[in-house]
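Peer 1: Have a look at this fold, sequence not included:
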């Protein structure tokens with residue numbers, strides 16, 4: 001499939017907040033020739049960057065993981081909403097791109113994605129009818145969605161019948177957990193939903209799904225994840241014995257914390273048809289400097305041989321900002337805030353710094369920590385001997401890359417010489 005950026009031919013302009021006047025009107029393909037260095041003080045800051053070599057390394061790591069475990073991956077596109085990164089993931093063998101909303105699906109279709117896994121339920125008439133028209137208009141469009149109730153199944157059957165869809169809408173039963181979000185809460189509910197799908201003339205039951213990431217970060221997370229995955233397996237086996245699946249069985253779980261357990265556990269058991277195992281991690285490509293790094297450390301304890309390949313996953317995403325003020329002992333203020341970097345799981349983390357003209361960043365000494373964020377300001381506690389001065393640049397890592405990407409219409413691609421080589425546009 002040909003993944004494309006709908007605005008690939010558009011020049012950089014003032015709507016991209018890190019682009020300075022000197023780069024307005026420059027074609028995206030010409031950025032590399034400008035030789036703009038991240039530490040030349042030639043950009044508007046803050047500036048979000050993606051390290052190209054780290055993206056490639058992380059992509060290779062996941063490619064190796066997939067090869068070793070025999071699973072497929074449908075990475076969650078909502079992490080980045082960036083067709084340039086979708087293209088890298090598809091080139092590395094992604095089976096599909098995962099969506100969460102109808103708007104995601106529409107965007108992916110504009111990017112040229114032919115196979116989309118919607119890890120959510122279609123419930124609104126407008127979204128359902130648009131999706132059915134998209135399926136009707138393109139026989140190569142391969143689409144999957146979820147259901148956790150007979151009501152959802154009935155609505156989809158009614159709209160598909162009204163539309164006269166000449167091929168079935170492919171559905172998976174979603175399994176959830178008590179106190180969690182969507183998904184059936186027990187096997188009996190799941191069987192009723194599966195039977196309703198199998199009996200519907202315009203629908204097709206092709207698998208069972210869950211999102212184990214609701215347990216990420218909990219002390220008992222691994223045990224809860226394994227219990228949820230066992231429920232997926234039990235429901236799928238019950239449906240398999242009852243002959244409810246329509247010729248194939250897809251077992252899939254999505255998240256960036258426990259994809260190793262999903263890959264291992266969902267491959268177990270005896271089946272009438274060998275299941276297709278699909279993981280949906282979206283954050284592996286950029287990783288992060290805190291939360292997912294800790295999750296990867298846990299994965300490394302569970303799967304040391306797999307985790308060690310190529311040095312493991314590393315953070316490719318950073319946001320750089322100036323030191324704006326040193327107003328009092330023990331505190332500096334940097335020019336980035338909630339409008340520039342995510343802080344939903346933990347505060348940003350100062351990881352490096354640079355002075356104008358530096359060829360490479362310097363390691364951040366111990367004792368520097370973000371204690372609060374305003375919309376455009378970061379409060380950073382610093383030791384008495386901090387080397388940072390007003391005008392220096394500080395590089396911040398983050399937890400959970402999803403809530404940093406959505407704050408940028410474009411991120412800067414940077415090579416190992418810390419030169420800007422291009423832009424990666426987002427479509428949130």
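Peer 2: That came in fine, so what should we check first? Not measured: the values here are computed from a predicted model.
Peer 1: would you list every one of the helices in the stretch 201-350 of the chain?
Peer 2: Along the stretch 201-350 of the chain, counting by DSSP state H, counting those that start in this stretch, helices occupy 221-241, 259-265, 291-302, 304-307.
Peer 1: so who does residue 379 touch?
Peer 2: 331, 333, 370, 371, 372, 373 (Cβ atoms under 8 Å, 6 or more residues apart in numbering). Yep, even glycine has a C-beta here, placed from its N, CA and C like the rest.
Peer 1: Surely residue 263 is in contact with residue 277?
Peer 2: Yes. Counting by Cβ atoms under 8 Å, residue 263 does reach residue 277; the two are 6.5 Å apart.
Peer 1: Mutual contacts of these two, please.
Peer 2: Contacts common to residue 263 and residue 277, judged by Cβ under 8 Å, 6+ apart, are residue 71.
Peer 1: Thought residue 275 was touching residue 250, still the case?
Peer 2: Yes. Here residue 250 lies in contact with residue 275, judged by Cβ under 8 Å, at a distance of 6.8 Å.
Peer 1: Now do the shared contacts for the two.
Peer 2: With Cβ under 8 Å, 6+ apart, residue 250 and residue 275 have common neighbours residue 207.
Peer 1: how distant is the strand or helix carrying residue 188 from the center of its chain?
Peer 2: Using DSSP states H and E, residue 188 sits in helix 187-199. Computed by Cα atoms, centre = their mean, to the nearest Å, the separation of helix 187-199 from the middle of its chain amounts to 30 Å.
Peer 1: Now for the nearest residue to residue 125 once chain neighbours are set aside: which residues touch it?
Peer 2: Nearest non-adjacent residue to residue 125, counting by Cβ to Cβ, 6 or more residues apart in numbering: residue 159, 6.9 Å away. If you count contacts by Cβ under 8 Å, 6+ apart, residue 159 has them with 125, 128, 129, 132.
Peer 1: from those, which single one is nearest residue 227?
Peer 2: The shortest approach to residue 227 among the contacts of residue 159 belongs to residue 128, at 32.7 Å (Cβ to Cβ).
Peer 1: so where's the stretch 1-150 of the chain shaky on pLDDT?
Peer 2: Of all residues in the stretch 1-150 of the chain, none has pLDDT under 70.
Peer 1: What segments of it are helices?
Peer 2: Per DSSP H, counting those that start in this stretch, the stretch 1-150 of the chain carries helices over the ranges 31-34, 52-69, 83-91, 102-111, 125-137, 150-163.
Peer 1: Can you tell me which of those is most buried?
Peer 2: helix 83-91 (a mean of 21; mean count of other Cβ atoms under 10 Å).
Peer 1: How far away from the center of its chain is that one?
Peer 2: With Cα atoms, centre = their mean as the basis, helix 83-91 stands 12 Å off its chain's centre.
Peer 1: Now do that helix against helix 102-111, angle only.
Peer 2: Using axes from the mean of the first three to the mean of the last three Cα atoms, to 10 degrees, the direction of helix 83-91 lies 80 degrees away from that of helix 102-111.
Peer 1: Need the contact partners of helix 83-91.
Peer 2: With Cβ under 8 Å, 6+ apart as the test, helix 83-91 has contacts from 1, 3-6, 55-56, 59, 73, 75, 77, 80, 97, 108, 111-113, 285-286, 424-425, 427.
Peer 1: Make a ChimeraX selection of whichever of the residues you listed turn out to be buried.
Peer 2: Listed next is the ChimeraX selection for buried residues among these, using 16 or more other Cβ atoms under 10 Å:
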select :3,5,55,59,73,75,77,80,97,108,111,112,113,285,286,424,425,427
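Peer 1: All good on my end, thank you.
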